[in-house]
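Chemist: Next input, structure requested:
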Amino acid sequence: MKHIPLPAELREGGVILVDKPYEWTSFDAVNKLKKLLKAKVGHAGTLDPLATGLLICCAGKYTKKISEYQKLPKEYTGIFHLGEVTPTYDLESEPGPFGDYEAITEQQIAEASKQFTGDIMQLPPIHSAIKKEGKRAYEYARAGKEIKLEPRPVQITEFEITAIQLPEVHFRVVCSTGTYIRSLAHDFGQALGCGAYLQELRRTKIGEFSVDDAYTPARLMEAWKEV
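Modeler: Okay, here's the model as predicted:
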């Protein structure tokens with residue numbers, strides 16, 4: 001674990017790697033740092049509340065570097081849950097039955113993963129922050145209104161199945177910025193014919209930055225109390 005930069009260093013300008021806790025929003029983490037540092041802070045790449053892992057936070061003059069960090073490829077690990085689907089493609093909404101997964105073989109799972117490797121077109125989730133006619137897509141979805149989102153080009157350079165314990169499929173993915181792992185879970189389930197949702201997600205890398213070098217907000221508060 002690397003040295004934790006001191007608040008005085010970060011106020012001038014610097015990067016702090018945060019391991020975002022479960023159910024925190026990315027803005028929760030940023031706001032906590034703002035209060036602790038009493039400085040301008042931003043983050044390079046949002047994580048959904050139910051996801052954990054690496055958040056690059058920039059303070060002071062380093063906020064100008066946010067856009068270049070956002071362009072870096074991301075690595076995620078997590079779990080797809082087969083046989084059920086949810087409106088949000090994850091556990092922010094209630095799962096419902098879709099199809100039988102018990103006859104799904106390891107070979108079918110491996111073949112399905114190949115379909116989503118390389119340059120692909122991906123349809124973002126309707127429950128997303130993408131703007132459509134001045135509103136966020138999730139605002140339409142929550143109001144029960146139908147809107148059409150267009151597929152977007154994304155790149156998945158690595159899609160590894162790390163364990164299969166049906167109905168759970170564990171994975172590791174390396175992808176371009178803008179890739180929705182929730183959509184990948186949904187599309188993966190559709191390809192298998194049994195449905196799936198994203199049960200668990202953790203961001204482990206952004207470019208060369210690793211969650212192994214990140215600190216929880218609680219650890220930062222504890223360390224900075226000592227100075």
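
Chemist: which residues of this structure score low on pLDDT?
Modeler: Counting by pLDDT under 70, the chain has low-confidence residues at 1-3, 127-147, 226-227.

Chemist: For it, which segments count as strands?
Modeler: Applying DSSP state E to the chain gives strands spanning 13-20, 41-43, 52-60, 74-82, 84-85, 96-97, 118-122, 131-132, 135-136, 152-165, 168-175, 196-206, 209-210.

Chemist: out of the ones you listed, nearest to residue 183?
Modeler: Closest approach to residue 183 among the strands of the chain is made by strand 118-122 (5.4 Å; Cβ to Cβ). Any C-beta I mention is one placed from the backbone N, CA and C, and that applies to glycine too.

Chemist: tell me the centre residue of the chain?
Modeler: Nearest to the mean C-alpha position of the chain, by Cα atoms, centre = their mean, lies residue 47 at 4.5 Å.

Chemist: follow-up on the earlier one: just send the strands of the chain back as a markdown table, with distance to residue 32 and mean neighbour count too.
Modeler: Below are these laid out as a markdown table (distance: least, Cβ to Cβ, whole Å; neighbours: other Cβ atoms under 10 Å):
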| stretch | distance to residue 32 | mean neighbour count |
| --- | --- | --- |
| strand 13-20 | 9 | 21 |
| strand 41-43 | 9 | 21 |
| strand 52-60 | 10 | 23 |
| strand 74-82 | 22 | 22 |
| strand 84-85 | 34 | 20 |
| strand 96-97 | 35 | 10 |
| strand 118-122 | 32 | 13 |
| strand 131-132 | 27 | 12 |
| strand 135-136 | 24 | 14 |
| strand 152-165 | 31 | 14 |
| strand 168-175 | 28 | 20 |
| strand 196-206 | 18 | 23 |
| strand 209-210 | 19 | 16 |
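
Chemist: any idea how this structure splits into domains?
Modeler: The chain breaks down by automatic domain parsing into domains covering 7-71+208-225, 74-206.

Chemist: Excluding its own residues, what touches stretch 8-21? List them.
Modeler: Stretch 8-21 is contacted by residues 4-5, 26, 29, 33, 37-39, 47, 51-62, 65, 209, 211, 213-217, 220 when judged by Cβ atoms under 8 Å, 6 or more residues apart in numbering.
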